[in-house]
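**Q** okay, here's the prediction I keep looking at, along with the sequence it came from:
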Amino acid sequence: MKLTIIGAGDAFGSGGNMNTCFHLKTSNIQLLIDCGATSLVALKKQEIEPADLDFILISHLHGDHFGGLPFLLLDLFRNNRKKTLTVIGPKGIQEKSLALLELLYPGIQTDLNLDLIQFQEYHQGQILETDFFRLQAFPVIH
């Protein structure tokens with residue numbers, strides 16, 4: 001297992017740091033934990049191919065934690081992604097992600113194969129199981 005810190009900066013890029021994004025690679029999967037607004041640029045700088053991602057876990061719906069998702073999705077489709085990407089996040093993850101995509105690129109959703117994106121919500125205290133990991137969300141002070 002390899003964890004790469006793609007970004008761990010605040011929402012304002014203080015000190016030139018990128019927004020929150022962590023890349024986890026195992027022998028079976030690749031996933032991101034958060035996808036802040038600067039994530040796509042930071043992934044490419046680290047030479048991590050977004051098309052290889054299997055999961056994106058979003059901790060909460062602030063721009064510095066999920067604002068990069070529309071850019072990442074567009075990059076995946078621009079590169080003709082063929083496998084499903086699962087985006088796991090808090091309540092409203094699908095609606096908020098698609099609304100942000102539509103806000104940034106009006107009408108683009110008709111050009112994308114959104115069937116390749118599976119959205120899944122987690123709920124506080126619930127254990128969410130995939131074939132590769134178990135996830136349990138707890139409230140924290142932000």
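**A** Received the coordinates, thanks.
**Q** what about the longest helix in this protein?
**A** Of all the segments assigned as helix in the chain under DSSP state H, the longest by residue count is helix 93-104.
**Q** quick one: residues contacting the residue nearest to P70 when sequence neighbours are not counted.
**A** Residue nearest to P70 in three dimensions, not counting chain neighbours: L101, with 4.2 Å by C-beta to C-beta, 6 or more residues apart in numbering. For every residue, glycine as well, the C-beta is placed using N, CA and C. Going by C-beta atoms under 8 Å, 6 or more residues apart in numbering, L101 touches 69-70, 73-74, 108-109.
**Q** before we move on, what about L72?
**A** Applying C-beta under 8 Å, 6+ apart, the residues near L72 are 35, 39-40, 43, 50, 56.
**Q** which of the helices or strands spans it?
**A** Under the criterion DSSP states H and E, the helix or strand holding L72 is helix 69-78.
**Q** list the buried residues in that helix.
**A** Within helix 69-78, the residues that count as buried by 16 or more other C-beta atoms under 10 Å are 69-77.
**Q** the residues you listed: which two are farthest apart?
**A** Looking at those by C-beta to C-beta, the two members farthest from one another are L69 and F77, with 12.7 Å of separation.
**Q** quick one: which of the buried residues of helix 69-78 is nearest G13?
**A** Nearest to G13 among the buried residues of helix 69-78: F71, at 15.6 Å, using C-beta to C-beta.
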